[in-house]
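Student: have a look; sequence and predicted model below, questions after that.
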Amino acid sequence: MADAAIHRVAATAAVRAPIGEAAAAWLLTAPAIVAFVLMLLVPTIAVCLLALTDFELGVPTFQFVGLDNFAELMRDRNFAIPVRNTAFFVALVAPLSILMGLVLALLIEANPRGRTFFRAAFFLPVVSLMVAMATAWQYLLHPTIGPVNAILRDLGLATPNWLGSSEWALISIGLISIWENAGFNMVLIMAGLTAIPRELYAAAEIDGARSAWARLRLVTWPLLGPTMLFVVLITTIRAIRTFDTVAALTQGGPNKASELIVYTIYREGFTYLRMGYASAMTVVFLAVVLGLMALQTRLIERRTHYG
Amino acid sequence: MDDRISKTLKSWLRDTPRLALLAALAVVFLLPYAWMLAVSVKPKSEVFSAALSLWPATWHAAENYGQVLREVPVLRYLWNGAVVCALILAFQLAFALPAGYALAKLRFRGSRTLFAFVMLGLLVPAHVPAIALYIAFANAKLLNTYTALVAPFTISVFAIFLFRQFFKALPDDLINAARIDGMNEASIVWRVAVPNAWPAATAFAIFSVVAHWSDLFWPLIVITKGDLYTPALGVLRFHSQEAGDDYGALMAAATLTMAPLVAAFLVAQRRFIEGITMTGIKG
């Protein structure tokens, strides 16, 4: 295919003047290049350089401090806690929201009846203003007047202070994220399911895969591999970036119990204005995101090929 | 005839466990919406006493929504949100459509490098350049402006990537015919390529509007003046400063700011789902 493309391009290029084509290309890409350099490339490089300084907004002078910020990060309890919280949070939200999305997708795709309604119902959180929904969740989870605890009380169960206690705050934020992400994963997986050729199921049945479970294991699961890789990547990144619910509901509290890393960067950089230190945190954040993406791609590719 | 009815009945019966399970899950998923709407029309006394009844004993909608509209310029927030989303989308399309076309259909030195930068840009979360952009905007005295809200998002590497993929599938004959007709490359982009790119452009538009309507991180950083609040920022401020425990008014505010997107979603469900999943990579 690449060969054909090259031949085609070469053939048409021979007819036209290549210089005119290149000039047109640079003209057409120029606005995007300028915006990319100004808004993405230079600021990202600047953040990496700021991470090596003690820059604070409002302080007139600053100096190069080498890797001091990173050394401080390693010792800083106020950074270790959000890192640990974020790791726990991703480990909670990613598997559960993917599993939920998978269950929903399989249930909905099993029969066209009710498909449109259910898909819309579960997808609704994705298009809802998250800050607004956070306030709704805050009422639902309110320790004394909230419906969730009212139900638990009627059942004679314990009524935790969901968002206000250090045992439950992070888990509560996690539950809201699972609720938010399940529908998103569901539609991605539904798209993957519809791409599986129907004949394969018939063929598997003839070959002895009699039960629905056997066909799920032998046909659906392996063919869903590439979709699942994509879903795992996206969900992990969405979870690691969680900010809105923390900012709206707990501000990281109580006592940092629900503080996630993007909220720490926000507070350090934009409330305390310690830009150099917050930049170092940002660099670590970026490194973790890139590392996770590389790792997951490699692990899952290996399993989908040889598993 | 009887046979057909019994067959339909049987198929429903066999489907019942699945439908029941899905319905139960849907109820759980929709609970926050049900209570949000219910509380937004309840008087304060009921909010604090009867947590489990959804239907209000006394109807308090006018008071709650009236209070929100009086105390908070919600319509102003919605207008800001609409302006910001429209400007961002306009710039993103104006920059990304020609760039996507050039990367897909034109042969020039450096196109591989440019594409490598696009792929690199896809990997960087929007939070990463934020600190440097904030310092730049602060120095340029551009905080608390529409410019600060819009400028960082005028470039979408994802849009470039998406349109490049889309234009690659466009037949070369179409473009060559336009060239023979004497069109230059710029008019080919806008008069030949773009009219064929509506599906991709619509999908991207929905994705972009949903993302920026909901964005809290960046507006929270660059906007401190109330008359420039976006819907997300408005709800957050109302939540933390003014409402306290006044859940009726708070839910009314939440409902009002969420309504436009949810309404649009319910009208064009299929397009929304296509748009957001097709472009999910940066979601």
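Tutor: Perfect, I can see it now.
Student: domains in the chain, by residue range?
Tutor: Unless you meant another one, I'm taking chain A. A:2-42, A:71-306 (automatic domain parsing).
Student: actually it's chain B I care about, not the one you picked
Tutor: If you go by automatic domain parsing, chain B breaks into B:2-67, B:72-282.
Student: want to try a markdown table for these, with mean pLDDT as columns?
Tutor: A markdown table is the format used below for those (pLDDT from 0 to 100):
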| stretch | mean pLDDT |
| --- | --- |
| domain B:2-67 | 84 |
| domain B:72-282 | 89 |
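Student: now render those domains as TSV, adding mean neighbour count and distance to chain A.
Tutor: Just so you know, the C-beta spots here come from the backbone N, C-alpha and C atoms, and that holds for glycine as well. Converted to TSV, the domains of chain B look like this (neighbours: other Cβ atoms under 10 Å in any protein chain shown; distance: least, Cβ to the nearest Cβ, whole Å):
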stretch	mean neighbour count	distance to chain A
domain B:2-67	15	4
domain B:72-282	19	3
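Student: next, format those domains as a markdown table and append distance to A:Gln296.
Tutor: A markdown table is the format used below for the domains of chain B (distance: least, Cβ to Cβ, whole Å):
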| stretch | distance to A:Gln296 |
| --- | --- |
| domain B:2-67 | 27 |
| domain B:72-282 | 13 |
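Student: and of the ones you listed, who's closest to A:Leu286?
Tutor: A:Leu286 lies closest, by Cβ to Cβ, to one member of the domains of chain B: domain B:72-282, at 5.2 Å.
Student: so what's the gap between that closest one and the chain middle?
Tutor: Offset of domain B:72-282 from its chain centre (Cα atoms, centre = their mean, to the nearest Å): 8 Å.
Student: got it, and stretch A:146-155?
Tutor: For stretch A:146-155, the distance to the chain centre is 32 Å (Cα atoms, centre = their mean).
Student: buried residues in that stretch?
Tutor: Using 16 or more other Cβ atoms under 10 Å in any protein chain shown as the test for burial, stretch A:146-155 gives A:Gly146, A:Pro147, A:Val148, A:Asn149, A:Ala150.
Student: can you narrow those down to the ones near chain B?
Tutor: A:Gly146, A:Pro147, A:Asn149, A:Ala150 (Cβ under 8 Å from any Cβ of the partner chain).
Student: what ranges does the chain have for its strands?
Tutor: Just going to use chain A. Assigned strands in chain A: none (criterion: DSSP state E).
Student: just want the most central residue of it.
Tutor: When Cα atoms, centre = their mean is applied to chain A, the residue found nearest the centroid is A:Arg238 (1.4 Å).
Student: contacts only, for residue 123.
Tutor: Since you didn't name a chain, this refers to chain A. A:Gly183, A:Phe184, A:Met186, A:Val187, B:Phe265, B:Gln269, B:Phe272, B:Ile273 (Cβ atoms under 8 Å, 6 or more residues apart in numbering or on different chains).
Student: try again with chain B
Tutor: A:Val289, A:Leu290, A:Met293 are the contacts of B:Leu123 under Cβ under 8 Å, 6+ apart.
Student: let's see it at 10 Å
Tutor: B:Leu123 makes contacts with A:Ile237, A:Leu286, A:Val289, A:Leu290, A:Met293, A:Ala294, B:Val157, as judged by Cβ atoms under 10 Å, 6 or more residues apart in numbering or on different chains.
Student: same list, the domains of chain A, but as a markdown table with mean pLDDT please.
Tutor: Formatted as a markdown table, the domains of chain A follow (pLDDT from 0 to 100):
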| stretch | mean pLDDT |
| --- | --- |
| domain A:2-42 | 73 |
| domain A:71-306 | 89 |
